[in-house]
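Novice: I'll drop the sequence and a predicted model, then ask my questions.
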Amino acid sequence: RRGSFELGTMHTVWRALAVFVCASATTNAGEAVTFRQRIQSGPGARPRILATDADFTSIKTIIESGDANATAFYKTMVAAAEAALNTTAPRSCVKAKGGNSQAIRLFAQLYRMTGNTTYSDRLKAEMDTACHCQNWGGPTFLLTAEYSIAVGLGLDWAWDAIESENQTRYQDCLIDLGINEHGYNKYAEDFGEFTNRNIVANAGYIVGALSAWERNTTLAQYLLAKAMPMMKSSTQMYGPDGAWWEGFVYWGYTSYHTVLLVKSLTQSFGDTMGFLSNAPGYNTTADFPLYSFSTARVPNRPGFGWDGPGAFFNWADANASNFEDSAVAMWMHKIFPHPRHAYLARELASRFYKCGEGCNADPTVAADMLLFYSPEGGCADVAKLPTDRVFGSPYDPDPMTVSFIRSSWCNSDQSGFQVGGLVLGMKHGSSAWSHGHADVGSFVLDLGGVRWAEDLGLPNYENKSATYRRSTAGHNTLQFNSLDQPSTASFCWDPARAHQCHADAGRLVTFNGSSNGDAFNVMDLSGVVKDGNTSPISAWLRGFATVQSKNGLVVVDEYNSTSNTTSVTWAMHTHSTAKVSSEKSSVTLTDATSANPPQTMTLRVLEPSITSQYSISIVPLNVDNDKNEPDPGLVKVLISLTPSAIETSQRLVVQIGGDVVKTQLEPLQRWAINGPLGTQ
């Protein structure tokens, strides 16, 4: 395979190089020449993947200084390694859940940190296991990329401990199983899209190419020449504010691999060779998970795996407790120093596990945290940011924004994130995206340290009939005639056609950060409800306003029906105990996870003022609809509106928390002028 590639595709290599170089030359001829010279001369000395000798020296210095966090991460790695050393490395191919790629990474890093040959010997045994596979991916080329990264990194970091014949054998393994027919050539047509797959797959093959460079320079040059311009279609998706359009979990997955590329390209060639030239907002992209984070409690239920302080606004394919990406913020701090991101990483990691005696933490997270660990930063650095923010997209008009409102970042002495207070996450934009849900208009609400309004999170990828978690009915928004919002279309992943997917996306009309102690936004969602080529509504505005210095929330919906039979329901999912009042106009929510006495919250319908125009019901959802696993205590608060006359403007006002608002709220179109209460 290696020989046939060298002879059969030499012209393709230089044609790809010529296209890339000529395209670059139109803007910067000097840079184009430099790229050609670099790609011909090859990468520098090892280690050339991800971390330098100086990085490993820094790790040892921090551990020797007695830093408690760094020491805990190191102990976690050592404990996991010792447990593995008491077993025999598997001799057959292991591919489930990433195979033994995590073991390869663990032993490679420990060897580089300590020089202990016990670790390098086990590393070679684990790499032998990987190389016994017939392929590293089969139908899942992301697994191929992850294996390529693990073996490429292991080979690079332990190069001096690997015999020359094994160096060659592992390089051949990288080429045959990671790059050639089971990898790049087979799936290359998918790599130009702007999903996470572009970055992850190309990162895998570039790391493999850098590590196997001496064995097949022609192939390595070809991969770099082809992948570098291809990845720019994905990096643009960080713009303009650093958010990631597939949600914060895939932000972590993508950003992990972008840092891997940034560091590896810089170490190998001196800089990134233009990799980030089309990535506006990337230098502060870790602000995206920072704004998504809250210290509220979430219930321990299927898909969450966490019952403690700390959760994310988990729109799209994400769970509220995905703390395993903690280290990405730390890695970002390494290449774009912002102390608040190092602080965020430490806070997230501390919620992922508790280290010490009997530590049962994930050694991969510990290894990632330790690799670029920094003790810098504190909540005072976070507090310099505005409490309220909108994250946009690189497209205009903007289809995939989310926005956040919170009462405060830190506790009173700025020693840590605020526990309690209000944190509100709102989803506007479009549902027609990779990993997108039919969640336009949905929200997540934390008050007093409790998550009262939840997003149900990641569906079961293996269950093809799973629909509820992705559906409009499964989110905290309005639903008309039981219709789902538009779902993902495959051509939406094509940068050239993406605008066609979002012509009817929700638009943010007004966003007003904290003013007189409160904040609000208004979104126009008129185009997100479709029934074929028609719609049961002609207009729909949704507004969110905090009240009483962010001690409560008002949600306002104004819509026009196109039929007097249009059904309209307002929904909010919660694990709180919910009881409808005797007046049928409010619901008392009781948090089942808080200490005695339990916290309570009141949800009130302020408009319509006549209860005959709506009804409130509590719908038990004790079985997870996607996984058929028990989900005790999950309910949906459902407000059903009486059908209205055709083209009559209808208004629903719901207050959650705080003292009852007695002032009639302004029409949504006037919020930007007068504010929600007419006092601005």
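Specialist: Perfect, thanks for sending it.

Novice: For the residue lying closest to Leu621 once chain neighbours are set aside, list the residues it contacts.
Specialist: Nearest non-adjacent residue to Leu621, counting by Cβ to Cβ, 6 or more residues apart in numbering: Leu634, 4.5 Å away. Yep, even glycine has a C-beta here, placed from its N, CA and C like the rest. Counting by Cβ atoms under 8 Å, 6 or more residues apart in numbering, Leu634 touches Arg301, His573, Thr574, His575, Pro620, Leu621, Asn622, Asp624.

Novice: out of those, which one sits closest to Val249?
Specialist: Arg301 (17.1 Å; Cβ to Cβ).

Novice: Report the buried members of the contacts of Leu634.
Specialist: Arg301, His573, Thr574, His575, Leu621, Asp624 (16 or more other Cβ atoms under 10 Å).

Novice: pretty sure the last one is in contact with Gly633, am I right?
Specialist: Looking back up the chat, that one is Asp624. No. Applying Cβ atoms under 8 Å, one finds Asp624 not in contact with Gly633, separated by 11.9 Å.

Novice: Next one: the residue nearest to Leu621 from Pro620, what distance?
Specialist: 8 Å (Cβ to Cβ, to the nearest Å).

Novice: next one: Ile39
Specialist: Taking Cβ to Cβ, one finds Ile39 at 61 Å from Pro620.

Novice: Equivalent analysis for Tyr205, please.
Specialist: 49 Å.

Novice: Three-state assignment for Leu142, please.
Specialist: helix (DSSP: H, G, I helix; E, B strand; the rest coil).

Novice: swap that for Asp172, please
Specialist: helix.

Novice: That one is in contact with Arg215, isn't it?
Specialist: Yes. Contact criterion Cβ under 8 Å: Asp172 and Arg215 qualify, at 6.6 Å.

Novice: in the stretch 251-400 of the chain, which spans are strands?
Specialist: 293-297, 309-312, 389-391 (DSSP state E, counting those that start in this stretch).

Novice: Could you export these as JSON lines, including mean pLDDT and mean neighbour count?
Specialist: Output for the strands of the stretch 251-400 of the chain, formatted as JSON lines (pLDDT from 0 to 100; neighbours: other Cβ atoms under 10 Å):
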{"stretch": "strand 293-297", "mean pLDDT": "90", "mean neighbour count": "23"}
{"stretch": "strand 309-312", "mean pLDDT": "82", "mean neighbour count": "22"}
{"stretch": "strand 389-391", "mean pLDDT": "92", "mean neighbour count": "20"}
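
Novice: Now those in TSV, please, with extra columns for distance to Asn196.
Specialist: Output for the strands of the stretch 251-400 of the chain, formatted as TSV (distance: least, Cβ to Cβ, whole Å):
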stretch	distance to Asn196
strand 293-297	20
strand 309-312	17
strand 389-391	17
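
Novice: which residues of the stretch 151-300 of the chain score low on pLDDT?
Specialist: 181-192, 299-300 (pLDDT under 70).

Novice: What segments of it are helices?
Specialist: Using DSSP state H, counting those that start in this stretch, the helices of the stretch 151-300 of the chain run over residues 164-173, 185-187, 196-211, 217-235, 248-269, 287-292.

Novice: before we move on, what about the stretch 451-600 of the chain?
Specialist: 498-501.

Novice: shaky segments in it?
Specialist: For the stretch 451-600 of the chain (pLDDT under 70), the answer is 462-466, 487-506, 514-516, 594-596.

Novice: Buried residues in the helix or strand Ala130 falls within, which are they?
Specialist: Take DSSP states H and E as the rule and Ala130 turns out to sit in helix 117-131. Within helix 117-131, the residues that count as buried by 16+ other Cβ under 10 Å are 119-131.

Novice: before we move on, what about stretch 227-244?
Specialist: Quick answer for stretch 227-244 (16+ other Cβ under 10 Å): 227-239, 241-244.

Novice: Stretch 240-256 now?
Specialist: In stretch 240-256, residues buried by neighbour count (16+ other Cβ under 10 Å) are 241-256.

Novice: before we move on, what about stretch 669-678?
Specialist: Trp671, Ala672, Gly675, Pro676, Leu677.

Novice: Max pairwise distance over those residues: which two?
Specialist: Spatially, the most separated pair among the buried residues of stretch 669-678 is Ala672 and Leu677, at 13.5 Å (Cβ to Cβ).

Novice: Distance check, the residue nearest to Gly42 when sequence neighbours are not counted against Gly152.
Specialist: Spatially, and ignoring its direct neighbours in sequence, Gly42 is nearest to Trp213 (5.5 Å; Cβ to Cβ, 6+ apart). Distance, Trp213 to Gly152, by Cβ to Cβ: 10 Å.

Novice: out of these two, which sits in the more crowded spot?
Specialist: For Trp213 and Gly152, the more surrounded residue by other Cβ atoms under 10 Å is Gly152, and the numbers stand at 29 against 18.

Novice: Okay, the closest residue to the more buried one other than its chain neighbours and Ala125: tell me how far apart.
Specialist: Closest residue in space to Gly152, ignoring its immediate chain neighbours: Ser211 at 3.6 Å, by Cβ to Cβ, 6+ apart. Distance, Ser211 to Ala125, by Cβ to Cβ: 19 Å.

Novice: who touches the residue nearest to Gly152 in this structure?
Specialist: Arg48, Ile49, Val151, Gly152, Leu153, Leu155, Asp156, Gln171, Leu174.

Novice: Isn't Trp637 up against Ala578?
Specialist: One thing to correct before we go on: residue 637 is Val, not Trp. Yes. Between Val637 and Ala578 there is a contact at 5.7 Å, judged by Cβ under 8 Å.

Novice: joint contacts of these two?
Specialist: Common neighbours of Val637 and Ala578 (Cβ under 8 Å, 6+ apart) are Val587, Leu589, Ile618.

Novice: Give me the subset of the residues you listed that lies in strands.
Specialist: Val587, Leu589, Ile618 (DSSP state E).

Novice: Could you count how many residues lie near the second one?
Specialist: A count of neighbours around Leu589, defined by other Cβ under 10 Å, yields 26.

Novice: Glu214 now?
Specialist: Applying other Cβ under 10 Å, we find 12 other residues in the vicinity of Glu214.

Novice: Could you do Gly44 as well?
Specialist: 11.

Novice: Stretch 379-395: how far from the chain's middle?
Specialist: Offset of stretch 379-395 from its chain centre (Cα atoms, centre = their mean, to the nearest Å): 16 Å.

Novice: Quick check: buried residues in that stretch?
Specialist: In stretch 379-395, counting by 16+ other Cβ under 10 Å, buried: Cys379, Asp381, Val382, Thr387, Asp388, Arg389, Val390, Phe391, Gly392, Ser393, Pro394, Tyr395.

Novice: Pull the most distant pair out of these.
Specialist: Cys379 and Tyr395 (33.9 Å).

Novice: circling back: so the residue nearest to Gly42 touches Leu219, yeah?
Specialist: No. At 9.0 Å, Trp213 does not count as touching Leu219 under the criterion of Cβ under 8 Å.

Novice: Same list, the buried ones among the contacts of Leu634, but as TSV with distance to Pro309 please.
Specialist: Formatted as TSV, these follow (distance: Cβ to Cβ, whole Å):
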residue	distance to Pro309
Arg301	16
His573	20
Thr574	18
His575	15
Leu621	25
Asp624	24
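
Novice: from the residues you listed, which ones fall inside strands?
Specialist: His573, Thr574.

Novice: Out of the buried ones among the contacts of Leu634, which two sit at the greatest distance?
Specialist: So, these by Cβ to Cβ: farthest apart are Thr574 and Asp624, at 15.0 Å.

Novice: surely Asn411 meets Gly421?
Specialist: No. Taking contacts as Cβ under 8 Å, Asn411 lies outside contact range of Gly421: 9.3 Å.
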